[in-house]
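Chemist: requesting a structural model of the entry that follows:
(one chain, ligands or ions: 2)
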Amino acid sequence: MPATDTVHIHLSDDRNYEIRIGSGLLNEPASWQGLPKAAAAVIVSNETVAPLYAERLRERLLAVYKRVDLVVLPDGEQHKGWESLNRICDHLLGEALDRKTVLFALGGGVIGDMTGFAAAIYMRGVPFVQVPTTLLAQVDSSVGGKTAINHPLGKNMLGAFYQPERVIADLDTLDTLPDRELRAGLAEVIKYGPIADAAFLCWIEDNLDALLSRDKAVLGYAVRRSCEIKADVVGQDEKEQGLRAILNFGHTIGHAIESGLGYGEWLHGEAVACGMVLAADLSQRMGLMPADFVERLQTLIERAGLPVKPPRLGADRYLQLMRVDKKAEAGAIRFVLIEALGQAGLHSVPDALIVETLAAHGAA
Ligand code: NAD
Ligand code: MG
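Modeler: Ligands and ions are numbered 1, 2, ... in the order given. From the prediction side, this is the model:
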């Protein structure tokens, strides 16, 4: 068995949990031991991931729980809404499953966010475990306890902070991930460099080809370092009073692209990648960073096969979409900007500068 890395998340009130990262963890009995005791477990997955991994997980869980159910949802960001959430709740209530039932989110960020939200509200809270199977979910969405569904008027607008019991990130599940999804996950990996760790940014630049060819050792390090950075930030600011917002580097414009084009047109990571290029540009226009940083980040994002040119939605539409952003306050749009390599902060940016950046990138 190859080495397993463990990242510890420490939250206030002595709450803490482990993220385990490694090859073969799905098959490893220890992955599923020591979780809250219950009569039943429910695996929540989707039509794509369930056929690949649900039966294997179910077999392992049957060593621990008398009963293991499977709820299979339709695949896609456009299904991250009330209807899917209801399907989970319908199953739990329809089968009269009690408040100790443990939910297992087997899939990418969409499944993780919805399952976590269902766990948060079912009987005012049941335990859940994240089993992320996309790179994006392993480095980002499964860590930190944000759960949500989308509303037609805004992404992730309905949700709760709710922490999992454990995260099991089996690197082998990434073998079946489509290339486009792998690259989208890399966007969130790249994000951690500029906001928190200049050395990690250099490491990504040096190891990008190995990451793209799915070298397990290299992927394992990328997942671990990403989780460490996120764990550190979330440990200091679980409910996003301040610092945690830096994890949204690239997300203000990214979310605008996603909802402006309609969920599912661009992948989340693709929108974030492009959003980072524009946020880097804004950092320069605000006088925080030199031009060579913008070029450096854009080059890396292009090398990763991610988009750097935003869709032409028009400046007014972008501004309108960004004012719905959860970071916006009293109408002022706030961006996570890079202040120095490895350091970021929230900044209100005048509309005129935003329009300049959008225009410079052909989006206005
Ligand atoms: P996703 O969950 O839609 O998964 C991407 C695609 O890959 C889907 O088609 C899925 O079925 C498929 N897939 C998943 N695992 C696979 C595997 N091992 N092999 C083959 N196919 C596989 O998308 P995602 O990129 O994982 O997550 C994006 C979502 O995460 C967004 O909704 C975003 O809002 C959310 N998110 C949440 C947080 C958070 O803190 N909670 C952070 C970042 C992103
Ligand atoms: Mg994200």
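Chemist: do I have it right that R180 meets L267?
Modeler: Yes. R180 lies in contact with L267 (CB atoms under 8 Å); the separation is 6.7 Å. C-beta: built from backbone N, CA, C; applies to glycine.
Chemist: quick one: which of these two has more around it?
Modeler: Neighbours per residue, other CB atoms under 10 Å: of R180 and L267, the larger number sits with L267, 22 against 13.
Chemist: residues from the stretch 1-150 of the chain in reach of ligand 1?
Modeler: Neighbours of ligand 1 within the stretch 1-150 of the chain, by CB under 6 Å from any ligand atom: 46, 48-49, 52, 75, 77, 80, 107-111, 113, 133-134, 136-137, 140-141, 144, 146.
Chemist: recalculate using a threshold of 8 Å.
Modeler: By CB under 8 Å from any ligand atom, the residues of the stretch 1-150 of the chain that approach ligand 1 are 46-49, 52-53, 75-77, 80, 107-113, 116, 132-137, 140-148, 150.
Chemist: got the contact list for the residue in the stretch 201-350 of the chain positioned nearest to ligand 1?
Modeler: Of all residues in the stretch 201-350 of the chain, H268 sits closest to ligand 1, with a separation of 4.4 Å (CB to the nearest ligand atom). By CB atoms under 8 Å, 6 or more residues apart in numbering, H268 lies in contact with 77, 109, 136, 184, 254, 258.
Chemist: so which of the residues you listed sit within strands?
Modeler: Using DSSP state E, no member of the contacts of H268 falls in strands.
Chemist: list the contacts of the closest residue to L247 other than its chain neighbours.
Modeler: Of all residues not flanking L247 in the chain, V233 sits nearest, at 6.0 Å (CB to CB, 6 or more residues apart in numbering). V233 sits next to 196, 243-244, 246-247 when contact means CB under 8 Å, 6+ apart.
Chemist: just checking: which of those residues also lie near ligand 1?
Modeler: Counting by CB under 8 Å from any ligand atom, L247 from these sit close to ligand 1.
Chemist: for the contacts of V233, which two are the farthest from each other?
Modeler: The span of those, defined through CB to CB, is set by A196 and R244 at 11.7 Å.
Chemist: higher neighbour count, these two?
Modeler: Set A196 next to R244 and count neighbours by other CB under 10 Å: A196 wins out with 23 against 18.
Chemist: what residue is smack in the middle of the protein?
Modeler: Closest residue to the average C-alpha location of the chain: S141 at 2.8 Å, with CA atoms, centre = their mean.
Chemist: from what I see, that one and T115 are in contact.
Modeler: No. With contact defined as CB under 8 Å, S141 does not count as touching T115 (11.1 Å).
Chemist: where does pLDDT dip in the protein?
Modeler: The chain contains residues with pLDDT under 70 at 1-2, 325-331.
Chemist: residue boundaries of the strands in the chain?
Modeler: 5-10, 16-22, 40-46, 67-73, 102-107, 128-132, 146-151, 154-161, 166-170, 334-340, 343-348.
Chemist: okay, now the domains of the chain?
Modeler: Domain ranges of the chain: 4-175, 179-360, per automatic domain parsing.
Chemist: which residues in the stretch 101-250 of the chain form helices?
Modeler: In the stretch 101-250 of the chain, helices defined by DSSP state H, counting those that start in this stretch lie at 109-121, 135-136, 179-196, 198-212, 216-236, listed in chain order.
Chemist: measure stretch 309-322 end to end?
Modeler: One end of stretch 309-322 sits 18 Å from the other (CA to CA, to the nearest Å).
Chemist: I'd like to know how far the residue nearest to M289 when sequence neighbours are not counted sits from L337.
Modeler: Leaving aside its chain neighbours, M289 sits nearest to S283 (4.3 Å; criterion: CB to CB, 6+ apart). Distance check for S283 against L337: by CB to CB, to the nearest Å, it reads 4 Å.
Chemist: who touches both of these two?
Modeler: Contact criterion CB under 8 Å, 6+ apart; residues shared by S283 and L337: M289.
Chemist: which of the two has more residues huddled nearby?
Modeler: More crowded of S283 and L337, by other CB under 10 Å: S283, with 27 against 23.
Chemist: R224 reaches V7, doesn't it?
Modeler: Yes. In terms of CB under 8 Å, R224 counts as a neighbour of V7; the distance is 6.3 Å.
Chemist: please consider this matter closed, and thank you.
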